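# The sequence isn't on hand, but the structure is:
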């Protein structure tokens, strides 16, 4: 049980759940609707900064600050999404890469607001309310539960939405934009909607991270975060809810294990190299990420046991949009 | 006036580096349809190799650069053959994933091997404090002229290769239609490998030229790469001449704007990003590009 973990362990898990929310947001844009976003680290940073500024400088509670952060993230996502509207695949990658490079520069520049390169520390910590029976030394348990509950709620909502008309429209757009348009789907509106929602959820992840970390600086939201998020998405599983959670866990634990194993002075076996290798493997071998690799393995094992014809998690053949993926219904 | 001229010189020398890296991006995109977001990181890594050849193997700067550029060329070709080719074959996702993986991997590797501390590389050009001439009141450093000349010669060689040789003909054939070029007896993948190698070599030269006036460090090409993408976009992502013109224009515009618009001082990257986004939105094919018809 996670609650039995000691303080540093539980804090790490809390952070992993916050990152899982960001991967989920990215999944909505890149996984479900097939528009690549290399700027999700910046949306996360925007959420973290908004939360930190509102809590620290405007004495807001975490709840209101994070809610506001989601709004700010969604607005930023709409702006980037609108510019992505006129662009095709690779051009979107270019623009969002630019956003990711520029974001930390702007954060350093807006010193009066963000504390510049020194970052911003939140002095107020989220304490457990009295009805929980948790005392001050157990505050990290409460923070973990808050983050866990929020992530669960968001997963529930996104799960519902992706199964709704909206989600099916996104799926159609990913497979073939022209065909989606011909079926009466307003491709532009859906893309911008997915971008706004995805950026809002990423900002939520940034806000959730602040509950535990309570410190934000430009270094945490450099371009590499955005790129590693893509790696986490591919490793976990594209267009999959469990995949998003796995991605968040990978994002936090892979560097930790790589660091523990090879030491901080390692020359070659570094977290970045591990991410690069893992994402290439995810694309070349375990297409669809760990989540679907598990499903395929299970189906194959079952098939070899029963020798009966079964439906396997096969890959949709042919080029289907920039992010061709295993078909959707197979893992349900 | 002197100040304006000074900014023009600075802009031209940055612009030459952007042009070279943009040309590398264009070559890769033309031959393999991959937008190599990691072109800057590849250039950074090979600049470190030139640094090692010079500082640790003790070679003369000129020799180290030539050898480093050659090694970078082979490295780029090898990266295409070993990583890019199998990944893009297996999944259309590879087109996006490989550059990102290269980006994270190479940067992380460089930090691991050479740590974070910045290093300097000896300039192969006269670079003492008084090695300059005065043009219209502004200082034109010999170093700057050296960078222009080197990159101009390198770009000249590339254009000669593209326009006047059999190799260039096959590069252009594969770029315009991979399927038909196959019937003409060409192997698109081998040609793409040459494209990657050529691009990595030019990128290495761009990285070294950028490093002679600044520092060698793992993050040295992050900004330069964005300028180069803006340049390639401005010129048209498939047009070599467009990349060069775009590079010079982006260099000049950012340098002059940063000098005269207070708000944009040390925010040149934002200017480049805006230029890039505007071009992509208003004229997606760039100044020299041809529009691609999409067949449904």
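Received the coordinates, thanks. As the structure is a prediction and not an experimental result, all values here were calculated from the model.
# Can you give me the end-to-end span of stretch B:129-149?
End-to-end distance of stretch B:129-149 (C-alpha to C-alpha, to the nearest Å): 20 Å.
# what's the answer for stretch B:257-267, then?
Using C-alpha to C-alpha, the end-to-end distance of stretch B:257-267 comes out at 10 Å.
# quick one, phi psi at residue B:139?
When read as degrees, to the nearest 10, the backbone of residue B:139 gives phi -80, psi 130.
# So it sits against residue B:3, correct?
No: in this structure residue B:139 lies outside contact range of residue B:3 using C-beta atoms under 8 Å: 11.2 Å. Using the backbone N, CA and C atoms, a C-beta is placed for each residue, glycine as well.
# Let me know the average pLDDT across the strand or helix carrying residue B:208.
Using DSSP states H and E, residue B:208 maps to helix B:188-212. The average pLDDT for helix B:188-212 rounds to 93.
# Following the chain past it, name the next helix or strand.
Following helix B:188-212 in sequence order, the next helix or strand is helix B:222-235 (DSSP H and E).
# gap between the next helix or strand after that next one and the chain center?
Downstream of helix B:222-235, the next assigned helix or strand under DSSP H and E is helix B:240-260. Centre-to-centre, helix B:240-260 and its host chain are 14 Å apart (C-alpha atoms, centre = their mean, to the nearest Å).
# tell me the contacts of the residue lying closest to residue B:59 once chain neighbours are set aside?
Of all residues beyond its chain neighbours, the one nearest residue B:59 is residue B:53 (5.1 Å), with distances taken as C-beta to C-beta, 6 or more residues apart in numbering or on different chains. Shown in contact with residue B:53 (C-beta atoms under 8 Å, 6 or more residues apart in numbering or on different chains): B:59, B:63-64, B:67-68.
# Repeat that for residue A:218.
A:45, A:104-105, A:107-108, A:114, A:116-117, A:119.
# quick one: contacts of stretch A:11-23?
Counting by C-beta under 8 Å, 6+ apart, A:2, A:5, A:40-41, A:43-44, A:140, A:143-144, A:147-148, A:150-151, A:154, A:201-202, A:204-206, A:208-209, A:211-213, A:229, A:232-233, A:236, A:244-245, A:247-249, A:251-253, A:256 sit against stretch A:11-23.
# Buried only: go through the residues you listed for me.
Neighbour-count burial (16 or more other C-beta atoms under 10 Å in any protein chain shown) applied to the contacts of stretch A:11-23 gives A:40-41, A:43-44, A:140, A:143-144, A:147-148, A:150-151, A:154, A:201-202, A:204-206, A:208-209, A:211-213, A:229, A:232-233, A:236, A:244-245, A:247-249, A:251-252.
# The residues you listed in helices, which ones?
Cross-referencing the buried ones among the contacts of stretch A:11-23 against helices under DSSP state H gives A:40-41, A:43-44, A:140, A:143-144, A:147-148, A:150-151, A:154, A:201-202, A:204-206, A:208-209, A:211-213, A:229, A:232-233, A:236, A:244-245, A:247-249, A:251-252.
# and the closest residue to residue B:6 other than its chain neighbours, what are its bridge partners?
Spatial nearest neighbour of residue B:6, chain neighbours left out: residue B:138 (4.3 Å); criterion: C-beta to C-beta, 6+ apart. Assessed by DSSP bridges, residue B:138 has beta-bridge partners residue B:135.
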